[in-house]
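S.K.: what's the 3D shape of this:
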Amino acid sequence: MSTDSPLACPRCRGPMDLGFLLDRGHHSSANVAQWVEGIPERSVWTGLKTKDREVYPLTSYRCERCGYLELYALPETPPAE
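M.R.: Coordinates of the predicted model:
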């Protein structure tokens, strides 16, 4: 999943590839992992309470050289630096 991203790894300065974290949901359906505001609170019906909280999909960059991951929780893909 290589991109022409100009991002450089903050640890080793290697090239970074754009990607995402896979989250297996109900019946193992594939979803993009999400960041949820606050402390996790159990819910009887949904597993965890998310009502009235900010929720953003996670986007990640992975260093090709050292494997370092950098995560972003934004409404859209983060801009290249």
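S.K.: so what are the sheet partners of the lengthiest strand in the chain and their directions?
M.R.: Longest strand in the chain by number of residues, with DSSP state E as the criterion: strand 55-63. According to DSSP bridges, strand 55-63 forms sheet pairs with strand 16-20 (antiparallel), strand 34-36 (antiparallel), strand 69-73 (antiparallel).
S.K.: looking at these, which is nearest to residue 55?
M.R.: Set against residue 55 and scored by CB to CB, the strands paired with strand 55-63 come closest in strand 34-36, at 5.2 Å. Quick note: C-beta positions are derived from backbone N, CA and C, even for glycine.
S.K.: what residues does whichever helix or strand comes after the closest one touch?
M.R.: Next helix or strand after strand 34-36 toward the C-terminus (DSSP states H and E): strand 42-43. Contacting residues not belonging to strand 42-43 are listed as 48-49 [CB atoms under 8 Å, 6 or more residues apart in numbering].
S.K.: now strand 42-43: how far from the chain's centre is it?
M.R.: Relative to its chain's centre, strand 42-43 lies at 22 Å (CA atoms, centre = their mean, to the nearest Å).
S.K.: find the centremost residue of the protein, please.
M.R.: With distances taken as CA atoms, centre = their mean, the residue of the chain nearest its centroid is residue 58 (2.4 Å).
S.K.: please report how far that one lies from residue 15.
M.R.: 20 Å (CB to CB, to the nearest Å).
S.K.: same check, this time on residue 49
M.R.: Relative to residue 15, and taking CB to CB, residue 49 is found at 39 Å.
S.K.: before we move on, what about residue 71?
M.R.: 17 Å.
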